[in-house]
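Colleague: What would the 3D arrangement of this be:
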Amino acid sequence: MTETAREESKETPAVETLSHEEALQKLTEAEEKATYAFDRMLRIQADMDNMQRRVERDIANAHKFGLEKFVLELLPIIDGLERAVDAHAAEDGGADSLLEGVSMTLRMLHAALNKFGVHAVDPKGAAFNPEHHQAVSTQLDTTVAAGTVLVVLQKGYLLNDRLVRPAMVIVAKAS
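Modeller: Next comes the predicted model:
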């Protein structure tokens, strides 16, 4: 053999010859790795999709319920105005223009709150609902069914159908 032929044989890598069983085993291992990688990629994609939906839902809820603290601050003002109107309505005489002004202010405040999804829960005469009402007392009353709201001490409020404050009520009890 010439010297160039010897050098070429040294530079050319030797081709590994595999038996049929070894080749099948390597092919099976490669298929398993590919299947594992594909399954993992699918799980990661599903996780990403779920995370994106969760983030979108959280953002929607933040927009929808972002006013909750603001509403909680306004509710005592509404309560005060309603008590002023009720107290004046029970009195004889007085300044009707004051009552009219407070009533108008109260209507405007309710309209503004309704525009932003705030609605009052005034359950007088309705069945007691522990999800929207807070019973502060029970009272014997044979004219209505047990569990009926007799008196609303303080209205409850919903923000986009989510309870912000439960209505404080007195409920009829059975004799």
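Colleague: so what's residue 158 closest to, chain neighbours aside?
Modeller: The shortest distance from residue 158 to any residue other than its chain neighbours is 5.0 Å, reached at residue 119 (C-beta to C-beta, 6 or more residues apart in numbering). Where you see a C-beta, it was placed from the backbone N, CA and C, and this is true even at glycine.
Colleague: so who does the one you found touch?
Modeller: Each residue near residue 119 by C-beta atoms under 8 Å, 6 or more residues apart in numbering is listed here: 113, 157, 158.
Colleague: ok, and the most crowded of those residues?
Modeller: Ranked by neighbour count under the definition other C-beta atoms under 10 Å, the contacts of residue 119 are headed by residue 157 with 23 neighbours.
Colleague: What helix or strand is that one located in?
Modeller: Using DSSP states H and E, residue 157 sits within strand 156-159.
Colleague: Neighbouring strands - and their directions - for the helix or strand just after that strand?
Modeller: Once the chain leaves strand 156-159, the next helix or strand it forms, by DSSP H and E, is strand 162-165. In the sheet containing strand 162-165, its partner strands are strand 156-159 (antiparallel), by DSSP bridges.
Colleague: List of residues touching the strand it pairs with?
Modeller: When contacts are defined by C-beta under 8 Å, 6+ apart, strand 156-159 is touched by residues 65, 67-68, 71, 75, 117-123, 132-134, 163-168.
Colleague: which of those count as buried?
Modeller: Buried members of the contacts of strand 156-159, counted by 16 or more other C-beta atoms under 10 Å: 67, 71, 75, 118, 120-121, 123, 132-133, 164-168.
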